[in-house]
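Novice: Sequence first, predicted coordinates after that:
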Amino acid sequence: MKPLILIIEDEHAQAQILQYNLEAEGYRVKHAPTADEGLLLIQEYSPNLILLDWMLPDMSGIEVCRQIKVNPETKTIPVIMLTARGTEDDKVRGLGVGADDYVVKPHSIKELIARIKANLRKVGIGNTELSYAGIEMNTETYRVRRDGENIKLGPTEFRLLKTFLGRPQKVWSRTQLLDHVWGADIYVDERTVDVHIGRLRKSLNRGKRRNLIRTIRSAGYALDQDD
């Protein structure tokens, strides 16, 4: 499934241009015109990257970025600040609260898309090789190895593992996994997630290997090597 990008931007025309160009590149896109709505969409959809305007009607983009980066659930999501404020002090302030990149308006769409791709690669999205705790995945050849040994997975288990490898240690709710693996427009019972998690665990743990898929009661699942 294509990466999901959240645009938090109050200028409707600007957001439309961004959404059109990002969708033309194959990304899925959500838009929030306010900080409050943006923070809600982050929790609901767990986007892969956030384009964040500095000047929002209800809260500064700086404060939004700070809230994203202090939250253990969202701190690994790349945030690109979009702003007309281009002084060195402004850039330092934006990067100081955890922004991963800083783009001054007006900007080239091509440059912005290049920066998006670069920031996604830093978190393993767009790379053909994903790895964590001895698990290696090649998304071109569809091969998975653990500790050097080939692991056979079904298509759904492969997509589940790819989702986990894209954000190691993140806790994914069943609803989030349904949206990312099966698609938001497809109805699947949440218990189906548990069934496929069980199959994925069985494949990865063959040979009495340590279980890396952690169950978090009332929250969901995470790929995590911590006990």
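Specialist: Alright, I've got the coordinates.

Novice: Pull the distance from stretch 98-118 to the chain's centre.
Specialist: Remark: stretch 98-118 is offset 17 Å from the chain centroid, using CA atoms, centre = their mean, to the nearest Å.

Novice: all strands of the chain, in order?
Specialist: Applying DSSP state E to the chain gives strands spanning 4-8, 28-32, 49-53, 79-83, 101-104, 129-132, 135-138, 143-146, 149-151, 213-216, 220-223.

Novice: got the contact list for the residue most central in space within the chain?
Specialist: Per CA atoms, centre = their mean, the C-alpha nearest to the average position across the chain is that of Asn48, at 2.4 Å. Counting by CB atoms under 8 Å, 6 or more residues apart in numbering, Asn48 touches 3-5, 77-78, 120, 123, 125, 166. The way it works is simple: take the backbone N, C-alpha and C, and place the C-beta from them, glycine included.

Novice: still on that earlier bit, out of the strands of the chain, deepest packed?
Specialist: With neighbours taken as mean count of other CB atoms under 10 Å, these reach their highest mean count in strand 49-53, at a mean of 26.

Novice: Pull out the buried residues from stretch 195-212.
Specialist: 196-197, 200-201, 203-204, 212 (16 or more other CB atoms under 10 Å).

Novice: Pull the residues that contact stretch 170-177.
Specialist: Residues contacting stretch 170-177 (CB under 8 Å, 6+ apart): 45-46, 73, 76, 160, 163-164, 180, 190, 193-194, 216, 219-222.

Novice: Please pick the buried ones from those residues.
Specialist: For the contacts of stretch 170-177, a burial check counting by 16+ other CB under 10 Å picks out 45-46, 76, 160, 163-164, 180, 193, 220-222.

Novice: Count the residues that sit near Arg191.
Specialist: Arg191 is flanked by 8 other residues according to other CB atoms under 10 Å.

Novice: And the pLDDT at Asp227?
Specialist: On the pLDDT scale, Asp227 is placed at 54.

Novice: List of residues touching the helix or strand of the chain with the lowest mean pLDDT?
Specialist: In the chain, the helix or strand scored least confidently by mean pLDDT, DSSP states H and E is helix 88-96, which has a mean of 75. Helix 88-96 is contacted from outside by 54, 62, 65, 81, 83, 102, using CB under 8 Å, 6+ apart.

Novice: picking up where we left off before, can the strands of the chain go into a markdown table with extra columns for distance to Asp185 and mean pLDDT?
Specialist: Listed next are these as a markdown table, based on distance: least, CB to CB, whole Å; pLDDT from 0 to 100:
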| stretch | distance to Asp185 | mean pLDDT |
| --- | --- | --- |
| strand 4-8 | 13 | 97 |
| strand 28-32 | 11 | 96 |
| strand 49-53 | 21 | 96 |
| strand 79-83 | 27 | 92 |
| strand 101-104 | 31 | 89 |
| strand 129-132 | 26 | 88 |
| strand 135-138 | 26 | 91 |
| strand 143-146 | 27 | 92 |
| strand 149-151 | 30 | 92 |
| strand 213-216 | 26 | 94 |
| strand 220-223 | 21 | 95 |
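
Novice: Could you dump these into a markdown table with distance to Ile17 added?
Specialist: Formatted as a markdown table, the strands of the chain follow (distance: least, CB to CB, whole Å):
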| stretch | distance to Ile17 |
| --- | --- |
| strand 4-8 | 10 |
| strand 28-32 | 11 |
| strand 49-53 | 12 |
| strand 79-83 | 12 |
| strand 101-104 | 14 |
| strand 129-132 | 32 |
| strand 135-138 | 35 |
| strand 143-146 | 39 |
| strand 149-151 | 43 |
| strand 213-216 | 39 |
| strand 220-223 | 35 |
